[in-house]
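Asks: Test case, fold it:
(one chain, ligands or ions: 1)
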Amino acid sequence: MSDTATDENVKVRRIQTAPGIHDILPKDHEYHTFIKKVVRHRARQAGFTRITTPVLEFTEVFKRGVGEHTDVVEKEMYTFEDRSGRSMTLKPEGTAGVIRSYLQHGMGSWPAPVELYYIEPHFRYDRPQKGRYRMFWQFGFEVIGEDDPALDVQMIQMAFKIFEDLGLKDIFELQINNIGTLKSRSQYKEALINYYIGKERSLCEACQDRLHKNPLRLLDCKEEDCSILSELAPKFEAYRSKEDKEHHEKVKEFLEELNIPFKENDRLVRGLDYYTQTVWEFWDKSTGGQNAVGGGGRYDGLVEIMGGTETPAVGFACGIDRLIMHMKQNNLLPPSKDNIHVLVAQLGDLAKKKCLRIIEALRDRGVKTVGSMGKASIKSQLKLANKHQVPYALILGSTEVREGSIIIRDMKKGQQRHVAMDNVVEEIVKLIGEDNLDKYTPGEVSLGSSD
Ligand code: AMP
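Replies: Residues are numbered from 1 along each chain as shown. Below you'll find the predicted structure:
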């Protein structure tokens, strides 16, 4: 069947979203809005400022930033040529773009550390399943320009504060590891390759491929045979330098100081190449590492890999879709502010005209108001009021317009009375209660230099 129907009887095929990509419908937006609000609030409290990098970047940003031999770059990126033949990619993660932006805009000259956060959609050609999508939302925090282990712990603390605000604090456990500097890790990588040589046939296909490109990833493969082999693999502990050990001990000491429980996991390596020293993930206590809700780590080498000078950094990202999934599983509802206070019903052209001003005055005062502007009967307009579950309806007909009055109907009690049109806004405010008004003001603009 063609997309355009020429015959009235031919049904036009409805277009759906692509697999793993979904709409955010109004009910789910209540979760999104709440999570964003919590993130923005916690970020502001700690002096982080928001950054948005483009959804589309040169592929090079991620090839270099995430690592050419990572699963994300090799298998999961949405990459295509633009009309000028340049290779472009929809961003699969946030950090590489932030560092590209840090260098492009000379943020190295800003007071250090530079503390940024983002809330954005990301794209990975993953196998869609529960909690795993091809377009998903993440928020993330990055601290660029300091290498103190206290910052690693502050990042972890920030995530737990956000989980706590969402009612999810006790659901997740912190898994941490130290994977050393790029230098100490290179000796360990060699030891791993030596261990696995001769055992290739017991490895899954993906791990056989990873062995020489990214041997660390063999440690956290979930395939049964790979998992058994990785238990007996050399441990990084023996390869940690003095500096790595000190860093790791400090991280643990600070976590204890903040009463943040953690589990050490020497097979936790994270999927991306850029991590150094501390890495961590937040696991669902009941299901483990299969669907982590977030993770992060230190990435002291990334600024240099992206073309800058050696600059330490640390950050983490959490999946918003997965947080929403956990909130739903635990019957946690976000506060809803979408409830409507008043529906204004009208009958006749003159009444409709008057209503326009009344609706404006109500909204300006903070009363959440919908106007019923069609030509329906009062009865069906009141049905609409019930559908919106509004506590009050205002009814204006030509008699009321002539008399300068309006009817207030209490929808629950089914009672109604006339009030003077000039007093209607304050009468409604009295009924709703000053505290329940939607009095959000965007803040005042001020004059100043825009830079
Ligand atoms: P990562 O950097 O891959 O560890 O991703 C950080 C977090 O983003 C994960 O812990 C998930 O919560 C979320 N995430 C990553 N990939 C997906 C996906 N395909 N679908 C939904 N959420 C995802």
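
Asks: mind listing what the closest residue to the ligand within the chain touches?
Replies: Distance from the ligand to each residue of the chain (CB to the nearest ligand atom) is smallest for residue 319, at 2.2 Å. Heads up, the C-betas are built off the backbone N, CA and C, glycines and all. If a contact means CB atoms under 8 Å, 6 or more residues apart in numbering, then residue 319 has 131, 136-138, 293-294 as its contacts.

Asks: Identify those among those that sit within strands.
Replies: 136-138, 294 (DSSP state E).

Asks: Now cross-check the residues you listed against the ligand and list the overlap.
Replies: By CB under 6 Å from any ligand atom, the members of the ones in strands among the contacts of residue 319 lying near the ligand are 136, 138, 294.

Asks: from those residues, which is closest to residue 58?
Replies: Relative to residue 58, the closest of these is residue 138; by CB to CB it sits at 20.5 Å.

Asks: Which strand residues bridge the nearest residue to the closest one once chain neighbours are set aside?
Replies: Leaving out its chain neighbours, the residue that sits closest to residue 138 by CB to CB, 6 or more residues apart in numbering is residue 317, at 4.7 Å. As for beta bridges, residue 317 partners with residue 140, residue 295 under DSSP bridges.

Asks: Now for residue 317, how many residues are close by?
Replies: Look at residue 317: counted by other CB atoms under 10 Å, it has 21 neighbours.

Asks: residues contacting it?
Replies: 93-95, 138-141, 294-296.

Asks: where along the stretch 301-450 of the chain do the helices fall?
Replies: When assigned using DSSP state H, counting those that start in this stretch, the helices of the stretch 301-450 of the chain occupy the ranges 302-305, 320-329, 349-365, 378-387, 398-403, 424-432.

Asks: For residue 163, which of the ones you listed is the nearest?
Replies: When the helices of the stretch 301-450 of the chain are ranked by proximity to residue 163 (CB to CB), helix 320-329 comes first, at 8.0 Å.

Asks: how about the CA coordinates for that closest one, as PDB?
Replies: Written as PDB, here are the backbone C-alpha positions of helix 320-329 (Å, rounded to 0.1, in the frame of the first residue of the first chain):
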ATOM      1  CA  ILE A 320      16.200   9.300  33.400                       C
ATOM      2  CA  ASP A 321      14.100   6.700  31.800                       C
ATOM      3  CA  ARG A 322      15.400   4.100  34.200                       C
ATOM      4  CA  LEU A 323      14.800   6.400  37.200                       C
ATOM      5  CA  ILE A 324      11.200   6.800  36.000                       C
ATOM      6  CA  MET A 325      10.900   3.000  35.700                       C
ATOM      7  CA  HIS A 326      12.100   2.600  39.300                       C
ATOM      8  CA  MET A 327       9.700   5.300  40.600                       C
ATOM      9  CA  LYS A 328       6.800   3.600  38.900                       C
ATOM     10  CA  GLN A 329       7.900   0.100  40.200                       C
END
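
Asks: which outside residues touch that helix?
Replies: Here helix 320-329 makes contact (CB under 8 Å, 6+ apart) with 28, 31-32, 35, 119, 130-131, 133, 136-139, 163, 166-168, 171, 284, 291, 293, 333-334.

Asks: Are any of these buried, and if so which?
Replies: Among the contacts of helix 320-329, the ones that count as buried by 16 or more other CB atoms under 10 Å are 31-32, 35, 119, 131, 133, 136-139, 163, 166, 168, 171, 284, 291, 293, 334.

Asks: Spatially, what comes nearest to residue 18 if we skip its sequence neighbours?
Replies: What sits nearest to residue 18 in space, not counting adjacent residues and going by CB to CB, 6+ apart, is residue 134, at 7.1 Å.

Asks: The one you found and residue 402: what is the separation?
Replies: Noted for residue 134: a distance of 60 Å to residue 402, by CB to CB, to the nearest Å.

Asks: Which of the three states applies to the nearest residue to residue 292 once chain neighbours are set aside?
Replies: Nearest residue to residue 292 in three dimensions, chain neighbours excluded: residue 281, at 4.4 Å (CB to CB, 6+ apart). Following DSSP: H, G, I helix; E, B strand; the rest coil, the label given to residue 281 is strand.

Asks: Neighbours of residue 281, how many?
Replies: 22.

Asks: can you list the weak-confidence ranges in the chain?
Replies: Scanning the chain for pLDDT under 70 picks out 1-10, 271, 450-451.

Asks: Domains in the protein, by residue range?
Replies: 26-181+241-329, 342-436 (automatic domain parsing).

Asks: Pick the most deeply packed of these.
Replies: Sort those by mean neighbour count, taking mean count of other CB atoms under 10 Å, and domain 26-181+241-329 sits at the top with a mean of 18.

Asks: any idea how far that one is from the chain center?
Replies: Chain-centre distance of domain 26-181+241-329: 11 Å, with CA atoms, centre = their mean, to the nearest Å.

Asks: got the end-to-end distance for it?
Replies: End-to-end distance for domain 26-181+241-329: 19 Å, by CA to CA, to the nearest Å.
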